[in-house]
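Novice: Return atomic coordinates for the entry below.
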Amino acid sequence: MSVLLLAGSPSSPSRSTALLDAVADRLARRGVATDALAVRDLPAAALLAADTSHHSVQLAVDRIAKAQAIVVATPVYKAAYSGLLKVFLDLLPQTALRGKAVLPLATGGSPHHMLALDYALRPVLNALGARHILPGVYASDAQVTLTPEGAYQLQVDLFDRLAEAVDTLAAEGLKLGPRPAAFEPVHFSQVRCSV
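Specialist: Numbering: from 1, shown residues only. As a prediction, this is how the structure comes out:
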């Protein structure tokens, strides 16, 4: 079982890729293998010319086909997902996401762009045949801050929303069942308290 992390940002590092990193970490803790595909690493000429015969594009399409689930992350520009991601999604076969669960993630300058997940990205994922598109996670730039060391840091509430989304992906998309408890349950009769 594998999950493909699809980065649709034209820049690196990026806030949307930071979301993917957090998802990868959470999935690794559940024992789920991930594979990362950054669209910006594909040859621009092949993408813009819709050259599906290009070796790199074929490999990327094969990686999509082999994944059990897809997590796609994109920045939001002008109320839509990135043009780079659009060019790549346009190259995919009409049934590229058939039978797959998809978790969409997005980042944007303000909370006003959060509907881009539902009104721009979700219809395209649906048109590509996704079996189950999970509720997406949107983060404003203020929720993903750059540290002085050059790394991105997620606010606690965003981290919690991502954790919940990953647990939903694991349960509904990967059929892993509930996350094991960190501690074994303790019966009340075994609780000892000292003051």
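Novice: Which residue ranges of this protein form strands?
Specialist: In order along the chain, the chain carries the following strands (DSSP state E): 2-7, 33-38, 69-77, 80-81, 101-108, 132-133, 137-140, 144-146, 152-154.
Novice: Mind putting those into JSON lines with mean neighbour count, distance to Asp167 and mean pLDDT?
Specialist: C-beta: built from backbone N, CA, C; applies to glycine. Written out in JSON lines, the entries for the strands of the chain read as follows (neighbours: other CB atoms under 10 Å; distance: least, CB to CB, whole Å; pLDDT from 0 to 100):
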{"stretch": "strand 2-7", "mean neighbour count": "23", "distance to Asp167": "13", "mean pLDDT": "96"}
{"stretch": "strand 33-38", "mean neighbour count": "16", "distance to Asp167": "15", "mean pLDDT": "96"}
{"stretch": "strand 69-77", "mean neighbour count": "26", "distance to Asp167": "13", "mean pLDDT": "96"}
{"stretch": "strand 80-81", "mean neighbour count": "20", "distance to Asp167": "24", "mean pLDDT": "92"}
{"stretch": "strand 101-108", "mean neighbour count": "25", "distance to Asp167": "11", "mean pLDDT": "96"}
{"stretch": "strand 132-133", "mean neighbour count": "18", "distance to Asp167": "15", "mean pLDDT": "94"}
{"stretch": "strand 137-140", "mean neighbour count": "22", "distance to Asp167": "12", "mean pLDDT": "95"}
{"stretch": "strand 144-146", "mean neighbour count": "15", "distance to Asp167": "20", "mean pLDDT": "89"}
{"stretch": "strand 152-154", "mean neighbour count": "17", "distance to Asp167": "16", "mean pLDDT": "90"}
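Novice: Put together CSV for those strands, with distance to Tyr119 on each row.
Specialist: Listed next are the strands of the chain as CSV, based on distance: least, CB to CB, whole Å:
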stretch, distance to Tyr119
strand 2-7, 20
strand 33-38, 25
strand 69-77, 11
strand 80-81, 9
strand 101-108, 11
strand 132-133, 13
strand 137-140, 12
strand 144-146, 22
strand 152-154, 25
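Novice: Indicate which one of the ones you listed is closest to Asp25.
Specialist: strand 33-38 (9.4 Å; CB to CB).
Novice: Have a look at the protein and report its longest helix.
Specialist: Assignment by DSSP state H gives helix 15-29 as the longest helix of the chain.
Novice: in it, what counts as buried?
Specialist: If you call a residue buried by 16 or more other CB atoms under 10 Å, then helix 15-29 has these buried ones: 15-24, 26-27.
Novice: Please give me every residue in contact with the residue nearest in space to the middle of the chain.
Specialist: Nearest to the mean C-alpha position of the chain, counting by CA atoms, centre = their mean, stands Val71 at 3.0 Å. Shown here is Val71, whose contacts under the criterion CB atoms under 8 Å, 6 or more residues apart in numbering are 3-6, 20, 23, 102-103, 105, 169.
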